[in-house]
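Colleague: let's see this in three dimensions:
(2 chains)
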Protein chains: 2
Amino acid sequence: MSESPIKALFFDVFGTLVDWRTSVARDTRVLLEPLNIAIDWLGFADAWRNEYQPAMEEVRAGRIAYTKLDVLHRQMLGKILPRFGLEDLGDSTLAQLTMVWHRLDAWPDVQAGLGRLRKRFLVAPVSNGNIALMADLARHNDIHWDAVLGAEVARDFKPQRVVYLSAADAFNLRPTECLMCAAHAGDLEAAAGCGLRVAYIVRAQESPAASSAAPAMPLDLCVQDMLELAERLGA
Amino acid sequence: MSESPIKALFFDVFGTLVDWRTSVARDTRVLLEPLNIAIDWLGFADAWRNEYQPAMEEVRAGRIAYTKLDVLHRQMLGKILPRFGLEDLGDSTLAQLTMVWHRLDAWPDVQAGLGRLRKRFLVAPVSNGNIALMADLARHNDIHWDAVLGAEVARDFKPQRVVYLSAADAFNLRPTECLMCAAHAGDLEAAAGCGLRVAYIVRAQESPAASSAAPAMPLDLCVQDMLELAERLGA
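Modeller: The predicted structure is shown next:
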């Protein structure tokens, strides 16, 4: 942690700050159980999330124009419905389902940890989620950002370089003055490739599919949660 | 105030929320008086601000690519220095001077008014200021935004339509669900032309040059300050 001082902290959101899997399973159940639907709720959340990278890849590869994650979430939902026998759900229910991603619960350490970190650093999400989604998640979890950066500002998706570089630029900072904090190796590798500093936050509980192995790369920090991150950064 | 309900409030910042003139004059004096410089401090603030519209017009007209207001502020400063006999100031002083725009004080009603409004509506600046500038002004004045929207997200300057429309889109809202709040007729006319609702906030004290006449157009609201805005919107 030598070199120029860190001035801003950037956060991955899905998995790193919020527990998408349990939240999506729970809220999907709340919406569909009254319709006499009984499915594997966690399996449904996993299947939906599995469409995430292929959907964004269409944009990253330039095959379609930048499209908000809210719109992609709705398209991804359409793809998995037949697998769960849900192809007859109406548009209104599908719109409500898509909004469960706006009400994901943060991991228990996030609100307090971010509150401490915010006193010392600029803080922003650098997520593939769109601005409306990030704003709703912040309200839902009582999080206070300095700005919502990430995919919608950059008009592309991580791990494209423009997303990290436009975030640093938005705060008038050099990449090395920014610390990317994430629970996923690919995100940190891309950020480090752009010159950002990197902090790995272990979230072994995210999902069975998500890798809980520490990234095979030099890390500026490796912490168990946001409270340890605050501690290590003197916040 | 009939039609669809208002869900988000967008705010012009310079003049509407913050007192740029007194703040720039004061902080410029703090920086330059120790260098044995004595000029008309308010006149200096006015001269600097007078370069604002011509500088942005270069971008709006497509003659130069989108350029952050921080960069334009520095260029505008260069233009007025000779008029005040300040052409010998060093780069470090000029960089410090440019940052006075990041420390503008809000009008006295803003913090409390926005705090009330935020409980009921999404709130965001839709300013020609860049994201870093908006984030610093929010910190300086203890303001909590849901997101920083406006020029840098739209990559153009008000009153270009894309700035208002991209702000509504960022919150997944139709223009008519958004209320643009500003102290300047041109801003409100452009917003109304995009389908947004409009609230005029009277800021007769902004500067002698700024028009304090109410816009000659239909207004959804006309209020004296942010507390009256909160009152009128039931927040």
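
Colleague: pull the contacting residues for residue A:122.
Modeller: A:7-9, A:146, A:171, B:135 (CB atoms under 8 Å, 6 or more residues apart in numbering or on different chains). For glycine as for every other residue, the C-beta is placed from the backbone atoms N, C-alpha and C.

Colleague: just the ones of the residues you listed in strands?
Modeller: Among these, the members found in strands (DSSP state E) are A:8-9.

Colleague: please, a ChimeraX command that selects the buried ones among the contacts of residue A:122?
Modeller: Per 16 or more other CB atoms under 10 Å in any protein chain shown, the buried members of the contacts of residue A:122 correspond to this ChimeraX selection:
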select /A:7,8,9,146,171 /B:135
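
Colleague: for the contacts of residue A:122, which one is nearest residue B:46?
Modeller: Nearest to residue B:46 among the contacts of residue A:122: residue B:135, at 26.1 Å, using CB to CB.

Colleague: name the residues of chain A found near chain B, please.
Modeller: A:70, A:122, A:130-132, A:134-135, A:138-139, A:144-149, A:152-153, A:170-172 (CB under 8 Å from any CB of the partner chain).

Colleague: need the CA coordinates for the helix or strand where residue A:27 lies. PDB is fine.
Modeller: For residue A:27, the element it lies in under DSSP states H and E is helix A:20-32. Taking Å, rounded to 0.1, in the frame of the first residue of the first chain, the C-alpha atoms of helix A:20-32 are listed here in PDB:
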ATOM      1  CA  TRP A  20     -28.500 -11.500  -5.000                       C
ATOM      2  CA  ARG A  21     -29.100 -15.300  -4.700                       C
ATOM      3  CA  THR A  22     -31.100 -15.400  -1.500                       C
ATOM      4  CA  SER A  23     -32.800 -12.200  -2.200                       C
ATOM      5  CA  VAL A  24     -33.900 -13.200  -5.700                       C
ATOM      6  CA  ALA A  25     -35.100 -16.600  -4.500                       C
ATOM      7  CA  ARG A  26     -37.100 -15.000  -1.600                       C
ATOM      8  CA  ASP A  27     -38.800 -12.300  -3.600                       C
ATOM      9  CA  THR A  28     -39.500 -14.500  -6.500                       C
ATOM     10  CA  ARG A  29     -41.300 -16.900  -4.100                       C
ATOM     11  CA  VAL A  30     -43.200 -14.000  -2.600                       C
ATOM     12  CA  LEU A  31     -44.500 -13.100  -6.100                       C
ATOM     13  CA  LEU A  32     -45.200 -16.500  -7.500                       C
END
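
Colleague: could you list every helix and strand that the helix or strand following it packs against?
Modeller: Next helix or strand after helix A:20-32 toward the C-terminus (DSSP H and E): helix A:41-50. Judged by 3 or more CB pairs under 8 Å, 6 or more residues apart in numbering or on different chains; DSSP states H and E, helix A:41-50 is in contact with helix A:20-32, helix A:69-80.

Colleague: Serialize those to JSON lines and add fields for mean pLDDT and mean neighbour count.
Modeller: Converted to JSON lines, the helices and strands packed on helix A:41-50 look like this (pLDDT from 0 to 100; neighbours: other CB atoms under 10 Å in any protein chain shown):
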{"stretch": "helix A:20-32", "mean pLDDT": "98", "mean neighbour count": "19"}
{"stretch": "helix A:69-80", "mean pLDDT": "98", "mean neighbour count": "18"}
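
Colleague: residue ranges for the strands of chain A, please.
Modeller: Assigned by DSSP E, chain A shows strands spanning A:8-11, A:122-127, A:149-150, A:178-182, A:197-201, A:221-223.

Colleague: outside of the helix holding residue A:27, which residues touch it?
Modeller: Outside of helix A:20-32, the residues within contact range by CB under 8 Å, 6+ apart are A:14, A:39, A:41-42, A:44-46, A:48-49, A:86, A:93, A:96-97, A:100-101, A:103-105, A:206-207.

Colleague: out of these, which are buried?
Modeller: Neighbour counting with 16+ other CB under 10 Å marks A:14, A:39, A:41-42, A:44-46, A:48-49, A:86, A:96-97, A:100-101, A:103-105, A:206-207 as buried within those.
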